[in-house]
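1. any chance you can model this:
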Amino acid sequence: MNRSPQKFCSLGILLGICTLFQMSGCSDLWMSSLVTDKRNCAIAPAVCGDFEECDYLTETCKPLPPPSCPLISLESVSPAIGTRTGGTKITITGSGFQGEMRVEIDGTPLENVVVEASSQLSGTLGASMASCGPSAVTLISACFERVSKERVFSYSLDPLQFDDLPQTLPSPAGTSVQQVLIDDVNADGDPDILGVETGSFRTFLSDGVGSFTTSAPLALGSSLFQAALGDITGDKLLDLVVTDQTNPRLWFLQNSGKGVFAPQSIAMPEPLRGVVVTDLTGDGKSDAVVVGKSGTLYLLTGNTNGLTGPDTVANGLPMGSQFAALADVNQNCAVRSIAESGRLMRAGQERADYVTETAAGRDVGERSVPPTKGVPA
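-> Model prediction:
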């Protein structure tokens, strides 16, 4: 068999070139040059993230196009209240529900969310011991669209939890508090404590994390009986009204907005016992109803300067009447309470039911409330 010397020569040259490449490590250099760029997804597709894909033209990772998702809406939440310990099944209605939906109530995820239809999903309320009261509900779609509604769900306080040991407020030794009021009196969003003593009162201003700043006592006399808070002047600040059971006067203390009160003594026909503060005239300012020791009921109306009056609105209550409350207890005027409507109408005049409490029991009755000027009867 004849073999061409030229073919033998070509084969020898090729073998020599291959041997030269192998000796020089050229193959290793080529491989290493391809994987040096860790973002070269054409060589290593795993470098792309969960929301990326490889563009083989540029050999780089590109973001995935957003999925096609309808707009979502939130219509209702049922039930609208649940315990902080969780476990309640929650059903939410709306529109555009599909795929993996996420629900948060006051920032706590709803567990085991199931999309039952495009207009309804359900899940289990998660535990959120730090939550309390009205809360926002937020829906998050698979496209990360968010929609929220405020105050559509409320966490109840159940189960109530108290510290094993009560906290002692930093009041001076010998302080004797006979009544405690709790509300935000310095407008910082934290509930404060007002302590009414026998002849004075003081504030315990909260920092919101369990500590209090105690004020010096504000002396008002030695025979204080009852106190109530309300916005007497209509400036959105809580003022204080305090009765005196020995002297014929009523104390009105206007709030400066920082929990500092300026006292004003209002002359009354007789010493007083119980006091109720609420808006009875519908003008946005709280009024005061006080009980005299003789059994007379007095009304003082709120205005920008304080309290005006007194006007006698009821006589003949039992002697020694002490505490009072206002409500439409026999529902003969309207289905709304006084506190809600500002006034109750019957036969063209305003009427208020009252309840007073004595040592012998309770007296329930109805008295006319004189119409306030400028407010139609």
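2. switch to C-alpha atoms for all contacts and neighbour counts from now on
-> Fine.
3. check which element follows the strand or helix carrying G123 along the chain.
-> Remark: G123 resides in strand 120-124, with elements defined by DSSP states H and E. Downstream of strand 120-124, the first helix or strand assigned by DSSP H and E is strand 133-140.
4. quick check, distance from that following strand to the centre of its chain.
-> Put simply, strand 133-140 sits 11 Å off its chain's centre (CA atoms, centre = their mean, to the nearest Å).
5. buried residues of it, list them for me.
-> By neighbour count with 16 or more other CA atoms under 10 Å, strand 133-140 contains the buried residues P134, S135, V137, T138, L139, I140.
6. from the contact counts, what lies against that strand?
-> Secondary-structure packing of strand 133-140 (3 or more CA pairs under 8 Å, 6 or more residues apart in numbering; DSSP states H and E): strand 102-105, strand 146-156.
7. most tightly surrounded among the ones you listed?
-> Highest mean neighbour count of the helices and strands packed on strand 133-140: strand 102-105, a mean of 21 (counted as mean count of other CA atoms under 10 Å).
8. and the average pLDDT for the strand holding G123 is what?
-> Averaged over strand 120-124, pLDDT sits at 96.
9. what lines up beside that strand in the sheet?
-> The pairing partners recorded for strand 120-124 under DSSP bridges are strand 89-95 (antiparallel), strand 111-117 (antiparallel).
10. can you give me the strands for the stretch 151-300 of the chain?
-> 177-183, 192-197, 200-206, 212-214, 218-219, 224-230, 239-244, 249-255, 261-267, 272-278, 287-292, 297-303 (DSSP state E, counting those that start in this stretch).
11. how far does the third one sit from the chain's center?
-> Remark: strand 200-206 is offset 24 Å from the chain centroid, using CA atoms, centre = their mean.
12. ok, the residue nearest to I72 when sequence neighbours are not counted to L110 distance?
-> Excluding its sequence neighbours, the residue lying closest to I72 (CA to CA, 6 or more residues apart in numbering) is G96, at 4.4 Å. Here G96 is placed at a distance of 18 Å from L110 (CA to CA, to the nearest Å).
13. as a markdown table, the strands paired with strand 120-124 with distance to V241 and mean neighbour count would be great.
-> Shown next, in a markdown table, are the strands paired with strand 120-124 (distance: least, CA to CA, whole Å; neighbours: other CA atoms under 10 Å):
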| stretch | distance to V241 | mean neighbour count |
| --- | --- | --- |
| strand 89-95 | 44 | 18 |
| strand 111-117 | 49 | 16 |
